[in-house]
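Engineer: Return atomic coordinates for the entry below.
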Amino acid sequence: MNQTKEVAIAIITQGHNFLMQLRDDLPDIYYPGQWGFFGGHIDLGETPAIAVHRELIEEIGFAAPEIKFFHTYPSPGVIRHVFHTPLTIPTSQLILTEGQDFGLLGEAEIRQGQCYSSKINQIRTLGKPHQRILLDFIEGTISDISQL
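Structural biologist: Modelled structure (predicted):
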């Protein structure tokens, strides 16, 4: 049985930059080794807003004081509920518990679709849906990402 998964993910901003996670290089996860959003699956009985709040605490120890809904992106196999929140603490206070790195990416890196990780000393790409969602957020538009 092929079920559609629902995830809650966060666009996290600090000034004009976006906090992104460099995902682990695990072949059984979506977008391995690519830059993506913090967030994840929605547990049974959770709302997307509760799930994204929980995921941010679990993945980086950040209790976002304000999380706003941005848009829902349905695609075959996955529905992405996207929220945004400002990062109200320095990145030095974040504790990464999932992924291999995190960083603040600027608009140029988002548009280019890649970013350097000093932790692994490599340039890695952004996941295509993540890049498109960020561009929608920057440009104030909404795209159909189901074909990415």
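Engineer: quick one: contacts for the residue most central in space within the chain?
Structural biologist: The residue lying closest to the centre of the chain (Cα atoms, centre = their mean) is F37, at 1.0 Å. Counting by Cβ atoms under 8 Å, 6 or more residues apart in numbering, F37 touches 9-11, 20-21, 82, 130, 133. To be clear about C-beta, it is placed using only N, CA and C from the backbone, and glycine gets the same treatment.
Engineer: show me where the chain has helices.
Structural biologist: According to DSSP state H, the chain carries its helices in the segments 48-60, 107-112, 128-139.
Engineer: Can you check which of these gets nearest to H71?
Structural biologist: helix 128-139 (7.2 Å; Cβ to Cβ).
Engineer: Mind giving me the packing neighbours of that closest one?
Structural biologist: Helices and strands touching helix 128-139, by 3 or more Cβ pairs under 8 Å, 6 or more residues apart in numbering; DSSP states H and E, are strand 5-14, strand 68-75, strand 78-86, helix 107-112.
Engineer: Tabulate those (TSV), appending mean pLDDT.
Structural biologist: Putting these into TSV (pLDDT from 0 to 100) gives the following:
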stretch	mean pLDDT
strand 5-14	97
strand 68-75	97
strand 78-86	98
helix 107-112	97
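Engineer: could you list every residue that touches S117?
Structural biologist: Residues near S117 by Cβ under 8 Å, 6+ apart: 22, 100-101, 103, 123-124.
Engineer: my guess is E55 meets F38, correct?
Structural biologist: Yes: in this structure E55 lies within contact range of F38 using Cβ atoms under 8 Å: 6.4 Å.
Engineer: intersection of neighbour lists for these two?
Structural biologist: The contact sets of E55 and F38 overlap at 9-10 (Cβ under 8 Å, 6+ apart).
Engineer: Roughly how far does Q93 sit from Q122?
Structural biologist: Q93 sits 25 Å away from Q122, going by Cβ to Cβ, to the nearest Å.
Engineer: low pLDDT regions in the chain?
Structural biologist: For the chain, the stretches with pLDDT under 70 are 1-2.
Engineer: 50 instead, please
Structural biologist: The chain contains residues with pLDDT under 50 at 1.
Engineer: any idea how far the nearest residue to A64 once chain neighbours are set aside lies from S117?
Structural biologist: Nearest non-adjacent residue to A64, counting by Cβ to Cβ, 6 or more residues apart in numbering: T85, 4.2 Å away. Between T85 and S117 the distance is 23 Å, computed by Cβ to Cβ.
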